Structure formats: structure tokens, C-alpha cells
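> Structure of the sequence below:
(one chain, ligands or ions: 1)
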Amino acid sequence: MRQETPPVPALELISVSHTYGARKALDGVSFTIQPGRFAVLLGLNGAGKTTLFSLVSHLFATRGGQIRIFGYDIGRKPGDALRRLGIVFQARTLDLDLTVRQNLSYHAALHGIGPRETRRRIGALLESIDMSDRLNDKARNLSGGQMRRVEIIRALLHRPSLLLLDEATVGLDVKSRATILADIRKLVEEEGISVLWATHLIDEVSDADQVIILDKGKLMADGGVEDVVAATGARTISDAFAHLIGSPPPPPPEEQP
Ligand SMILES: Nc1ncnc2c1ncn2[C@@H]1O[C@H](COP(=O)(O)OP(=O)(O)OP(=O)(O)O)[C@@H](O)[C@H]1O
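Okay, the predicted model is just below:
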């Protein structure tokens with residue numbers, strides 16, 4: 001009988017640790033995300049999500065453990081690994097004095113994409129987020145939600161297979177949050193892209209997601225929503241999260257005072 005070879009994971013962390021001086025930000029974290037999966041990295045402020053993103057994107061060197069993107073070790077084969085990775089950081093990174101076109105073209109040039117192909121990709125991606133008419137607007141004239149969506153399509157310009165988003169909906173209104181989350185879920189469904197979505201908001205988790213819970217640098221749970229709920233003996237993922245981190249999860253922003 002022919003044995004099926006298992007797919008190469010989109011992302012693999014093996015015993016990853018990171019310290020800032022004496023402070024341990026990540027402590028032996030291991031998990032795997034399979035291709036085409038939407039994985040939510042759930043943790044409160046200070047859990048270690050941004051540190052983890054900095055290691056996966058090679059901003060920091062991995063000193064403890066190993067990170068592989070589609071089988072490529074980020075330390076040994078950074079070019080091969082990073083080519084497959086798109087990333088949207090928590091902090092805003094558009095140049096406000098440049099137009100949408102200039103912000104996007106600059107990123108495409110960094111990835112060696114030619115001018116004609118750049119124009120084609122920018123046109124198609126802007127259309128997909130219904131922002132074709134904003135091509136020549138300065139970034140500073142966009143709303144917070146529009147800026148985020150431009151950052152997301154910028155991260156997709158070089159056609160990555162794995163997309164990382166760090167608290168992508170922070171500071172946005174309810175409608176923009178829902179639109180962005182729905183757009184990303186559509187990408188997973190239609191393009192088979194793999195996503196690691198970092199958030200502290202439990203309402204961004206959906207039943208079909210893989211959920212990875214971090215607390216104070218430690219991996220507390222990793223699995224399908226149903227499995228994580230069952231493993232903690234809770235009734236909902238919100239209760240499971242509260243149980244694992246030892247405090248009630250923060251309410252969604254619209255319920256915050
Ligand atoms: N440059 C730094 N120097 C020292 N300590 C740091 C630094 N960056 C982060 N830390 C600490 O490392 C831990 C993890 O922080 P990190 O920013 O990765 O968490 P996070 O889950 O992304 O939180 P947030 O959502 O607030 O950004 C925290 O205790 C934080 O104070």
C-alpha cells in the first residue's frame with residue numbers, strides 16, 4: 001500500500017525560547033500550523049505574541065529552539081523562508097506622506113517584482129478590497145481601517161503562502177474589524193493561504209480554527225476549538241481561555257467602557 005507523505009507544515013516552532021535580559025518572554029514554545037489553516041494565537045498583553053512574530057519574521061535571531069516556514073529553517077535559509085511569509089505588524093507601518101501606490105510599489109520592488117507585474121497585482125488587490133479609487137491618495141488621508149487593509153494587501157503582494165497578522169484589528173471600529181477578519185478568512189478558503197492571527201480578543205475565534213493559547217511566554221493549549229474546550233472541561237472557548245490564563249478574558253472593544 002502506498003503511504004501518503006504528510007504535507008510540509010506551513011509553520012513549525014520547536015522549543016522556541018526568548019529572553020530580554022533576565023525576562024523570559026517565550027519559554028519552550030512548540031506548535032505546528034498545517035497549510036491552509038486559520039490559526040489564532042490567543043494571549044493577553046505581554047503573553048509573548050509580538051516576540052514570537054519578531055522571531056518568525058527574523059527581526060530577532062532565534063537563539064533557543066527552531067523555526068521552520070514550509071520546511072525552511074529561518075536561521076539557516078532566511079531567504080527561502082521569508083519569501084513564503086507575509087506579515088502585518090501591530091504598529092502602523094505605511095509611510096503617511098506617500099500615496100497608496102507608492103507604499104505598495106516600494107514593497108513590490110523590495111521583492112524584485114517588475115513594474116508591469118507590480119501594477120497588475122496592485123490593481124487586482126486594491127479591487128479585491130474595494131479601494132481602487134484610493135490609489136493616488138496619500139496614506140494619511142485614509143481611515144484606520146483602510147490603512148490596515150492596504151497594509152494587508154501590501155503583505156500579500158509577493159504572494160506569500162503564510163500570512164502573520166499581529167493584533168490586526170486593534171483600534172478599529174466594529175464594522176472594520178468584521179470586514180478585515182472576513183477578508184482574511186476568505187483568503188484562507190479561496191487561496192489556501194495559511195494564517196497566524198494574533199489577538200487578545202476571544203470573539204475573533206471561530207469554531208473551525210486552530211487555537212494556540214499563550215500565557216506569560218508559555219504555551220497553554222494548542223488544537224481545534226472543540227478539543228481545547230474539552231481538554232479544560234469548559235463549556236465554551238471563552239471559559240477555556242479564562243480557565244487557562246486564570247482570569248476572565250477581556251471583553252470586545254465595543255463593550256469596553
Ligand atoms: N524590548 C523589550 N525589552 C524588554 N522586555 C520586553 C521587550 N519587548 C517585550 N518585552 C517583554 O516580553 C514579554 C512579552 O512581550 P510581547 O510584546 O511579546 O507580548 P504580546 O503578547 O505581544 O503583548 P502586547 O499585545 O501587549 O504587545 C512582556 O513581559 C514584555 O514586557
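
> And the strands in the stretch 151-257 of the chain, which stretches?
162-166, 194-199, 210-215, 218-224 (DSSP state E, counting those that start in this stretch).

> okay, the ones you listed in a markdown table with mean neighbour count, mean pLDDT and distance to the ligand next?
In this view, the C-beta of every residue, glycine as well, is placed from N, C-alpha and C. Listed next are these as a markdown table, based on neighbours: other C-beta atoms under 10 Å; pLDDT from 0 to 100; distance: least, C-beta to the nearest ligand atom, whole Å:
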| stretch | mean neighbour count | mean pLDDT | distance to the ligand |
| --- | --- | --- | --- |
| strand 162-166 | 23 | 96 | 7 |
| strand 194-199 | 24 | 96 | 7 |
| strand 210-215 | 24 | 96 | 7 |
| strand 218-224 | 18 | 96 | 11 |
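
> Looking at these, spot the one closest to T32.
Closest approach to T32 among the strands of the stretch 151-257 of the chain (C-beta to C-beta): strand 218-224, 8.4 Å.

> which helices and strands sit right next to that closest one?
Here strand 218-224 touches strand 23-33, strand 210-215, helix 225-232, helix 237-245, going by 3 or more C-beta pairs under 8 Å, 6 or more residues apart in numbering; DSSP states H and E.

> Now do it against strand 23-33, angle only.
20 degrees (axes from the mean of the first three to the mean of the last three C-alpha atoms, to 10 degrees).

> Residues in contact with strand 218-224: which ones?
In this structure, residues lying in contact with strand 218-224 by C-beta atoms under 8 Å, 6 or more residues apart in numbering are 27-31, 208-214, 228, 231-232, 240, 244-245.

> Report the buried members of the residues you listed.
27, 29, 31, 209-214, 228, 232, 240, 244-245 (16 or more other C-beta atoms under 10 Å).

> In the residues you listed, find the pair that's most separated.
D27 and D209 (23.8 Å).

> picking that back up, reformat the strands of the stretch 151-257 of the chain as TSV; add distance to G71.
Shown next, in TSV, are those (distance: least, C-beta to C-beta, whole Å):
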stretch	distance to G71
strand 162-166	12
strand 194-199	13
strand 210-215	19
strand 218-224	20
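
> Which of those sits closest to L142?
Closest among those, once you apply C-beta to C-beta, is strand 162-166, at 18.0 Å.

> Up against the ligand, what does the stretch 1-150 of the chain have?
Counting by C-beta under 6 Å from any ligand atom, the residues of the stretch 1-150 of the chain lying close to the ligand are 20, 23, 25, 43, 45-51.

> Return the subset of those lying in helices.
In this view, those that belong to helices under DSSP state H are 49-51.

> want to throw these into CSV with distance to I67 and neighbour count?
As requested, these are arranged in CSV below (distance: C-beta to C-beta, whole Å; neighbours: other C-beta atoms under 10 Å):
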residue, distance to I67, neighbour count
K49, 15, 24
T50, 15, 19
T51, 12, 21
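
> Quick check: residues of the stretch 151-257 of the chain near the ligand?
Counting by C-beta under 6 Å from any ligand atom, the stretch 151-257 of the chain sits next to the ligand at E167.

> biggest helix in the chain by residues?
Longest helix in the chain by number of residues (criterion: DSSP H): helix 174-191.

> Please find the angle between the direction vectors of that helix and strand 162-166.
Using the same axes, to 10 degrees: helix 174-191 against strand 162-166 is 170 degrees.

> Show me what helix 174-191 is packed against.
strand 38-42, helix 144-156, strand 162-166, strand 194-199.

> With Y72 as the reference, measure out to L104.
As judged by C-beta to C-beta, to the nearest Å, L104 and Y72 stand 26 Å apart.

> Comparing these two, which residue is more hemmed in?
L104 (24 against 19; other C-beta atoms under 10 Å).
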